[in-house]
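J.: sequence-free structure coming up:
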Ligand SMILES: Nc1ncnc2c1ncn2[C@@H]1O[C@H](COP(=O)(O)OP(=O)(O)OP(=O)(O)O)[C@@H](O)[C@H]1O
Ligand SMILES: [Ca+2]
């Protein structure tokens with residue numbers, strides 16, 4: 001890599017030396033007034049190339065810096081004046097109280113105020129992956145560490161540079177110089193082109209030198225330019241330098257320095273635009289990988305649904321409560337136990353503003369729904385919470401799908417409350433409280449009744465949560481702090497208090513997004529922690545399952561069933577699975593692995609802390625900006641800021657556009673490369689002179705490299721991109737379609753220009769001019785036609801496989817501006833500053849000829865697109881042919 005960069009500089013350095021030499025010699029032979037043009041124009045062109053490249057590099061790095069800052073700007077909840085508000089991590093001040101939950105990042109230095117089984121992963125600070133338990137004896141929290149388990153609140157004592165983390169961050173700077181797979185592949189292409197260019201340049205150099213020194217290079221009067229012994233040494237050196245300059249210029253043309261630029265440009269451009277589409281790119285390469293994704297495994301809650309939950313059905317006291325918030329249907333004892341469970345067994349909170357007003361409920365959407373329901377039933381959050389004290393907490397996690405709390409009541413009674421996935425909690429219940437407030441055994445009929453209610457609610461896409469409790473002996477509660485942290489809350493013989501159905505409507509627009517994926521050949525799968533029935537109902541609603549007939553095993557599968565298959569069986573059925581319900585985060589990981597083994601490029605969305613392994617394993621991990629924990633975000637490649645599935649699909653679109661833009665640029669650049677090289681080589685070998693001189697080639701180089709990258713790299717994505725199958729893992733960068741377009745254009749340009757080169761004088765009616773002028777006019781015309789060809793071909797490059805090359809052109813302002821500028825500069829070069837480029841003014845007829853030559857490339861490209869090409873990549877054909885001929889002896 002370094003060599004490559006150095007080498008690029010080397011060519012420019014040689015050119016600079018050539019410029020100086022040519023300046024000195026020019027002034028010496030032709031006098032100060034006339035002789036400086038050649039050298040000065042080369043020098044100017046080189047400087048222009050360097051400056052333009054440097055400016056665009058600089059601008060790109062600035063943009064990445066902005067995005068990096070955005071990446072660190074975390075939003076979180078703080079408690080100020082008893083009320084929870086959301087602030088940016090930069091706005092935390094000393095004295096703030098911050099709630100900590102599993103998966104959070106400790107945002108500042110501070111001390112623990114309250115906490116339950118709070119465990120902190122301090123590996124980011126200390127380097128060792130050790131989980132440290134925090135309690136009143138060890139209350140110090142360092143910013144930058146992750147909450148591995150439990151929950152609590154902390155008081156901020158230090159922020160920013162005054163924290164341990166801030167000190168650490170100040171001493172190391174982040175490394176952003178990572179290369180994406182596309183860039184690696186491009187480097188391969190670039191090196192190849194460079195080597196070809198170098199060979200060609202060497203060839204031209206040798207041929208021209210030999211011809212020159214053997215006296216085969218003629219002046220216009222027919223006398224040889226070099227006669228051994230007669231020509232002055234300085235003239236000879238001058239001639240040799242001119243030849244060397246041409247050779248070096250060919251190398252400059254061949255070196256595709258625009259390629260890396262094009263990549264950074266498209267990536268930076270896409271990243272910026274993706275921000276607007278609510279996707280924050282954490283790892284650059286994810287952009288392009290997303291374009292080749294063949295399947296997306298999406299969460300349900302919050303991604304496909306709105307995450308605005310309300311309780312719409314409730315069963316309690318052995319019957320349905322209708323409407324769900326009618327207080328009068330609950331016996332008082334049941335009601336108070338329910339309130340106790342809801343208020344204490346939660347990570348959310350209710351804030352009642354002083355002087356009235358609606359209570360503000362915060363917490364996760366599920367918690368909010370349940371707390372909201374209890375408030376409607378008449379719960380006074382603060383009062384209930386002060387009635388009992390918490391002994392121990394088992395926080396909710398997606399593995400167990402339930403959470404519990406042990407409470408000590410004033411009369412030394414112990415209550416253990418559980419809340420979690422309905423059928424799981426119901427399975428641990430042996431009793432329930434009936435309509436008259438009595439605890440009665442849960443008989444067969446009642447179990448069936450509750451199971452049936454859960455199924456009914458799930459079938460109408462409700463999320464079911466059950467709430468249960470039991471009493472416990474104070475004596476059996478571990479007394480010692482240390483033992484208490486290890487205490488497993490008893491979770492059997494529960495008394496069922498209530499089962500609620502929570503409605504979480506489908507996001508509007510998700511159906512369309514899923515359809516879009518289907519058209520684009522990307523299969524959408526749902527992996528959810530929710531009940532399979534609920535999952536199925538939502539999947540049908542948003543089009544992941546197309547009909548009820550589809551909704552059978554193994555299309556819809558339970559996580560437990562999938563988990564119990566063998567590795568091979570899992571790979572076998574993974575393809576068919578559209579919906580996985582009641583899955584644990586580990587099932588998600590197994591699913592991703594199975595899909596990857598099947599050759600899929602897998603995108604996975606996740607929000608929870610234990611989604612991290614799956615996010616990591618996936619080709620592209622997408623985390624959720626709102627619901628996602630810090631840990632999930634850190635394991636992801638892209639953060640979906642609005643948690644919306646539709647935004648995930650937009651990322652696919654952008655990814656494809658990155659890939660397509662690079663391909664467009666490569667096609668454009670290779671055409672110029674191939675044409676320029678062939679023209680110069682053929683001309684050099686046959687006549688000893690090149691029609692395109694150094695300064696002209698440098699201008700062509702600028703058009704095709706820097707300007708070309710600018711014009712083509714920022715094409716916005718089109719719907720066309722979403723109507724073809726994904727490229728997957730192994731499609732070559734230069735497809736057969738590109739080869740076809742490229743070869744047609746290059747062949748056309750080469751043949752027309754070579755005809756002009758050899759027959760131009762008679763074709764253009766220049767016989768009566770002096771040979772010197774005739775030659776200059778001819779070469780100017782070739783140069784002009786060549787440049788115009790590139791400008792027109794730039795339009796062709798926009799649409800490699802569509803007939804209408806102008807579609808959406810008005811949306812790409814940069815393209816129009818760049819093409820416009822190129823055209824104006826070309827006119828200026830030909831008409832006004834010909835001295836520098838060794839060109840002459842052209843009359844309108846000659847302009848017309850150039851324009852006609854160039855414009856023919858449009859119909860030509862259109863005709864070319866009608867030629868069908870095989871889908872098998874070209875190089876595979878060759879390897880196959882080679883294989884066949886290589887194998888034939890043994891075949892016989
Ligand atoms: N805070 C909570 N307290 C008690 N039970 C909960 C809570 N949150 C969710 N549940 C129950 O646990 C089940 C599974 O939750 P889990 O977190 O595994 O999935 P999810 O993240 O909600 O869904 P998805 O994976 O689609 O995002 C839910 O269906 C619900 O019944
Ligand atoms: Ca989840």
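T.: Happy to help now that I have it. The structure presented is a predicted model; accordingly, all values stated were derived computationally and were not measured. Numbers count the residues shown, from 1 in each chain. Ligands and ions are numbered 1, 2, ... in the order given.
J.: Can you give me the pLDDT of residue 732?
T.: Here, the pLDDT recorded for residue 732 equals 78.
J.: which stretches of the stretch 551-700 of the chain have low pLDDT?
T.: Scanning the stretch 551-700 of the chain for pLDDT under 70 picks out the ranges 688.
J.: which residues in it form helices?
T.: Using DSSP state H, counting those that start in this stretch, the helices of the stretch 551-700 of the chain run over 559-563, 567-574, 585-597, 612-617, 630-635, 645-687, 694-702.
J.: Give me every residue in the stretch 351-500 of the chain lying close to ligand 1.
T.: When proximity is defined as Cβ under 6 Å from any ligand atom, the stretch 351-500 of the chain approaches ligand 1 at 364, 366-367, 396, 398, 401, 403, 419-421, 463-465. Heads up, the C-betas are built off the backbone N, CA and C, glycines and all.
J.: repeat that with 5 Å
T.: 366-367, 396, 398, 401, 419-421, 465 (Cβ under 5 Å from any ligand atom).
J.: circling back to that earlier point, among the helices of the stretch 551-700 of the chain, which comes closest to ligand 1?
T.: Taking Cβ to the nearest ligand atom as the criterion, helix 585-597 is the member of the helices of the stretch 551-700 of the chain that comes nearest to ligand 1, at 7.8 Å.
J.: Tell me how far that closest one lies from the chain's centre.
T.: Mean-position distance between helix 585-597 and its chain equals 21 Å (Cα atoms, centre = their mean, to the nearest Å).
J.: try stretch 130-142
T.: On Cα atoms, centre = their mean, the centre of stretch 130-142 falls 37 Å from that of its chain.
J.: what is the rounded mean pLDDT of it?
T.: 84.
J.: how about that stretch: buried residues?
T.: Buried residues in stretch 130-142, counting neighbours by 16 or more other Cβ atoms under 10 Å, are found at 132-135, 139, 141-142.
J.: Would you mind measuring the gap between the ends of that stretch?
T.: In stretch 130-142, first residue to last residue: 14 Å (Cα to Cα, to the nearest Å).
J.: ok, of the residues of the stretch 351-500 of the chain next to ligand 1, which one's closest to residue 781?
T.: Taking Cβ to Cβ as the measure, residue 781 lies nearest residue 398 of those, at 72.0 Å.
J.: you'd agree the closest one is up against residue 606?
T.: No - using Cβ atoms under 8 Å, residue 398 is not in contact with residue 606, being 10.1 Å away.
J.: Show me the common contact partners of the two, please.
T.: Common neighbours of residue 398 and residue 606, using Cβ atoms under 8 Å, 6 or more residues apart in numbering, are residue 585.
J.: domain assignment for this structure?
T.: The chain breaks down by the TED database into domains covering 1-77, 93-158, 290-306+507-643, 310-352+359-503, 655-872.
J.: And for residue 39, the neighbour number?
T.: The local packing count at residue 39 equals 21, with neighbours defined by other Cβ atoms under 10 Å.
J.: isn't residue 378 right next to residue 326, touching?
T.: No - using Cβ under 8 Å as the test, residue 378 is too far from residue 326 to be in contact (10.9 Å).
J.: one step back: export the domains of the chain as JSON lines, with columns for distance to residue 249.
T.: Shown next, in JSON lines, are the domains of the chain (distance: least, Cβ to Cβ, whole Å):
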{"stretch": "domain 1-77", "distance to residue 249": "7"}
{"stretch": "domain 93-158", "distance to residue 249": "52"}
{"stretch": "domain 290-306+507-643", "distance to residue 249": "36"}
{"stretch": "domain 310-352+359-503", "distance to residue 249": "63"}
{"stretch": "domain 655-872", "distance to residue 249": "4"}
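J.: deepest of those domains, which one?
T.: domain 290-306+507-643 (a mean of 21; mean count of other Cβ atoms under 10 Å).
J.: List the single closest residue to residue 134 in space, sequence neighbours excluded.
T.: Using Cβ to Cβ, 6 or more residues apart in numbering and skipping the chain neighbours, the partner closest in space to residue 134 is residue 118 (4.7 Å).
J.: confidence score at that neighbour?
T.: The predicted local confidence for residue 118 is 85.
J.: And residue 97, by the same measure?
T.: 92.
J.: Quick check: residues of the chain near ligand 1?
T.: Close to ligand 1, as judged by Cβ under 5 Å from any ligand atom, the chain has residues 299-301, 366-367, 396, 398, 401, 419-421, 465, 528-530.
J.: Would you check which pair of those lies furthest apart?
T.: Put simply, by Cβ to Cβ the two of the residues of the chain next to ligand 1 set farthest apart are 299 and 419, 20.9 Å from each other.
J.: quick one on the thing from earlier: flag whichever of the residues of the chain next to ligand 1 scores worst on pLDDT.
T.: For these, the pLDDT minimum is residue 398, 83.
J.: What separation do you get for that one and residue 583?
T.: Residue 398 sits 9 Å away from residue 583, going by Cβ to Cβ, to the nearest Å.
J.: residues shared between the contacts of these two?
T.: Shared contacts of residue 398 and residue 583 (Cβ under 8 Å, 6+ apart): residue 529.
J.: and the closest residue to ligand 1 within the chain, helix, strand or coil?
T.: As assessed by Cβ to the nearest ligand atom, ligand 1 sits closest to residue 529 within the chain, at 2.0 Å. Look at residue 529: counting by DSSP: H, G, I helix; E, B strand; the rest coil, its state is coil.
J.: Now do the same contact list for it.
T.: Neighbours of residue 529 in contact, by Cβ under 8 Å, 6+ apart: 301, 398, 401, 421, 582-584.
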